[in-house]
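S.K.: Give me a model of this one.
(2 chains)
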Amino acid sequence: MGSLPGLLLDPFSHAFMLRGLYAALLVGIVCPILGTYVVLRGMAFFGDALAHIILPGVVISFLLGWPMAVGALLVGLLAALGIGLISQRTEIREDAAIGVVFAGAFALGVALLSIQGSYAVDLTHILFGDLLGVSTADLFLLSGLGFAVLLTILALYKEFLVLSFDPVLATTLRLPVRFLTNLQLVLLAVVIVISLQAVGVALVLAMLVTPASTARMLTRRLPYMMLGGAAIGSLSALLGLYLSYYGNIASGPAIVLVETAIFFLVFLAVPRRGVMRRKARAASRQD
Amino acid sequence: MATLISHFAPHESGSPPIRIDSLSVRYNGTLALDDLKVEIPPGARVAIVGPNGAGKTTLLQVIAGTLEPSSGKVSVFGRGPHGHVCIAYVPQRSHVNWSFPVSVQDVVMMGRIRKLGIFRWPRSSDWALVARSLEQVGMLAYRDRPIGELSGGQQQRVFLAQALAQEAEIILLDEPLTGLDLPSQEAILNALDTLHTMGITVLIATHDLQLAAERFDLVMLLNRRLISFGKPDEALSEKALLSAYGGHLHVVPDEKGSILLTDTCCDGDDEVRHG
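M.R.: Residues are numbered from 1 along each chain as shown, chains lettered A, B, ... in the order given. Sure thing, here's the model as predicted:
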């Protein structure tokens, strides 16, 4: 057994672990900040669907030798806007429209994968991430996209806040509601692409929803929910990598397991403020 | 993006706050509003009354710019309803996401975001205006409370404060007193008086004829078309009321010899029962 500093530093003496840590921290910070809106607007199903929809884009990139993010981003943007279009232009409710595109795109992705050779191994990487396979070039692309998302959220903070809190107010204040809504979907697609390599298609939802939900239990203010989510997300990334290294567990699931553990710890530790608050509100609504 | 950074519609001096010209709105083939012509003078307190389905909410939505008219037009200070940020609209059923982690003063500050402009953060002068607005509706003590913890009447007053922080010159309220207890109603009415002293034009939709007659300068009686518009005693003449409500209205003399008006047509269920 080495000393404690040795135990803490050992994993990151490998360059691939260090790159993995950087990517995991990036995802751990960016995801919960956008995820705050996903949680508050009840878009969890949409987020999960979008993550799966991206699969054919990933496979096409893989087949054509493009960086994974390029194909994924193209398919993600197309799907995000397409779903919006279907539910705006037809009688079909949004969740059904999401379901149609979700299942169809995922099937296409798996079909494309099955055509080419090493089906099982690659599908596992895509589904559950390949954090330790992140290249330096990937890191540059992911960082650029991550900072673009954070800058957009910061620059349009007030506008996104009003749009999400009170859409009627957004309209009477003459905000470009359609543009901002679509922009949020685009940001979601970008964030999912960033997370893909870290935790994979199947677990992106956890990155978006779990730390932000944990932070929601701890705070009553939106900025603190975002920052708290980012703190929990990045801490989970770090702890998850240790768990992965010493426990010999796949890194994506390890990070998600740590996030989930923190969620339940907070759930048990925080007095049932949520329940109390709902009761108080129900009582005061009687007037 | 263009609308995020564009300038707001200017006001033409001498134009009334609201001018409605041959306005018709059609929903699925039926007329919700039929050829409305009316002009609201500046600083007026206007009660829009009429039976259910008379088009009160529709009219507010068209003025607010959240609903497009089928024909005719609405001018706000001489310009079309688009591009204005001088209008505040408080709908009856709020579309607010109550689980949102925002405080009362955050919600009031939302009224200021267009005045602030894109990429700008609130300055201390903006927070001072928010505090003043909350004080005017008697809600300053609640500034740090989460919005979801307030009662219905308190929420209504917060939305009034939001309209004040927006520096709105026209405030549209849809049934602001419905479902509130008497103290809350009184608090809202006092807040409306404050708006009046500030020269703000206020339009409220209500089914409460007595309230309209007692607390408002002008009454607009509506039943898809404009029945009457003027001072309460003129607009609410027996003839006009019968024309708007038909058999649904009971005219009852009270002890002072005047006429107590009872609206028996408040929602769909009542309509059937009293029919």
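
S.K.: check which helix or strand covers A:L26.
M.R.: A:L26 belongs to helix A:15-40 when assigned by DSSP states H and E.

S.K.: list the helices and strands that helix packs on?
M.R.: helix A:44-53, helix A:136-155, helix A:157-165, helix A:177-199, helix A:204-218, helix A:222-247, helix A:251-269 (3 or more C-beta pairs under 8 Å, 6 or more residues apart in numbering or on different chains; DSSP states H and E). C-betas here are computed from N, CA, C, even on glycine.

S.K.: Most tightly packed of these?
M.R.: Among the helices and strands packed on helix A:15-40, helix A:204-218 has the highest mean neighbour count (mean count of other C-beta atoms under 10 Å in any protein chain shown), at a mean of 25.

S.K.: which residues in the stretch 101-250 of chain B form helices?
M.R.: Under the criterion DSSP state H, counting those that start in this stretch, the stretch 101-250 of chain B carries helices at the ranges B:104-110, B:113-116, B:124-136, B:152-165, B:182-197, B:209-215, B:232-235, B:238-245.

S.K.: thinking again about what came up before, list the buried ones in the helix holding A:L26?
M.R.: A:17, A:19-40 (16 or more other C-beta atoms under 10 Å in any protein chain shown).

S.K.: roughly how far is it from the heart of the chain?
M.R.: 8 Å (C-alpha atoms, centre = their mean, to the nearest Å).

S.K.: Following element in sequence after the helix or strand harbouring B:G72, please.
M.R.: Taking DSSP H and E as the definition, B:G72 sits inside strand B:71-76. Per DSSP H and E, the first helix or strand lying C-terminal to strand B:71-76 is strand B:87-90.

S.K.: who in the stretch 151-287 of chain A is up against chain B?
M.R.: Proximity of the stretch 151-287 of chain A to chain B, by C-beta under 8 Å from any C-beta of the partner chain, involves residues A:155-156, A:158-159, A:161-162, A:164-169, A:171-176, A:179, A:216, A:219-222, A:224-225, A:277, A:280-281, A:284-285, A:287.

S.K.: contacting residues around B:W121?
M.R.: With contacts taken as C-beta atoms under 8 Å, 6 or more residues apart in numbering or on different chains, B:W121 has no neighbouring residues.

S.K.: State the phi and psi torsions of it.
M.R.: phi -110, psi 150 (degrees, to the nearest 10).

S.K.: swap in B:S70?
M.R.: phi -80, psi -40.

S.K.: Using the three-state scheme, assign the residue nearest to it when sequence neighbours are not counted.
M.R.: Excluding the flanking residues, the one nearest B:S70 by C-beta to C-beta, 6 or more residues apart in numbering or on different chains is B:R26, at 4.3 Å. Here B:R26 is strand, with the state taken from DSSP: H, G, I helix; E, B strand; the rest coil.

S.K.: Just checking, which helix or strand of the chain averages the lowest pLDDT?
M.R.: All of this refers to chain A. In chain A, no helix or strand scores lower on mean pLDDT, DSSP states H and E than helix A:273-284, which sits at a mean of 52.

S.K.: From chain B, how far out is A:L235?
M.R.: 21 Å (C-beta to the nearest C-beta, to the nearest Å).

S.K.: what residue ranges in the stretch 151-287 of chain A score low on pLDDT?
M.R.: A:272-287 (pLDDT under 70).

S.K.: Find the closest residue to chain B in the stretch 1-150 of chain A.
M.R.: Residue nearest to chain B within the stretch 1-150 of chain A: A:L40 (5.8 Å; C-beta to the nearest C-beta).

S.K.: Surely that residue and B:N97 touch.
M.R.: Yes - if you go by C-beta atoms under 8 Å, A:L40 and B:N97 touch, sitting 6.6 Å apart.

S.K.: ok, back up a step: burial of the residue nearest to B:S70, as a residue count?
M.R.: By other C-beta atoms under 10 Å in any protein chain shown, 13 other residues sit near B:R26.

S.K.: bridging residues for it?
M.R.: Under DSSP bridges, the beta-bridge partners of B:R26 are B:L31.

S.K.: Let's see stretch A:257-266 as PDB, backbone CA atoms only.
M.R.: Extracted C-alpha coordinates of stretch A:257-266, given in PDB (Å, rounded to 0.1, in the frame of the first residue of the first chain):
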ATOM      1  CA  LEU A 257     -22.700   5.700  -9.500                       C
ATOM      2  CA  VAL A 258     -20.900   8.400  -7.500                       C
ATOM      3  CA  GLU A 259     -23.400  11.000  -8.600                       C
ATOM      4  CA  THR A 260     -26.300   8.700  -7.700                       C
ATOM      5  CA  ALA A 261     -24.800   8.000  -4.300                       C
ATOM      6  CA  ILE A 262     -24.400  11.700  -3.500                       C
ATOM      7  CA  PHE A 263     -28.000  12.200  -4.600                       C
ATOM      8  CA  PHE A 264     -29.400   9.700  -2.200                       C
ATOM      9  CA  LEU A 265     -27.100  10.900   0.600                       C
ATOM     10  CA  VAL A 266     -28.500  14.400   0.200                       C
END
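
S.K.: Under the pLDDT cut-off, which ranges of the stretch 1-150 of chain A? List them.
M.R.: In the stretch 1-150 of chain A, residues with pLDDT under 70: A:1-2, A:117-122.

S.K.: try it again with 80
M.R.: A:1-4, A:62, A:65, A:67-69, A:80-81, A:84, A:87-88, A:90, A:116-126 (pLDDT under 80).

S.K.: Near chain B, which residues of it? Just list them.
M.R.: So the stretch 1-150 of chain A meets chain B at A:40-41 (C-beta under 8 Å from any C-beta).

S.K.: at 7 Å what do you get?
M.R.: Residues of the stretch 1-150 of chain A lying near chain B by C-beta under 7 Å from any C-beta of the partner chain: A:L40.

S.K.: The residue nearest to B:S70 against B:G72, yeah?
M.R.: No - using C-beta atoms under 7 Å, B:R26 is not in contact with B:G72, being 11.2 Å away.

S.K.: So for A:L40 and B:N97, which residues contact both of them?
M.R.: Jointly contacting A:L40 and B:N97 under the rule C-beta atoms under 7 Å, 6 or more residues apart in numbering or on different chains are A:S164.

S.K.: residues touching B:K37, list them.
M.R.: Counting by C-beta under 7 Å, 6+ apart, B:K37 has contacts B:20-22, B:226.

S.K.: So what does it look like in phi/psi?
M.R.: According to degrees, to the nearest 10, B:K37 has phi -130, psi 120.
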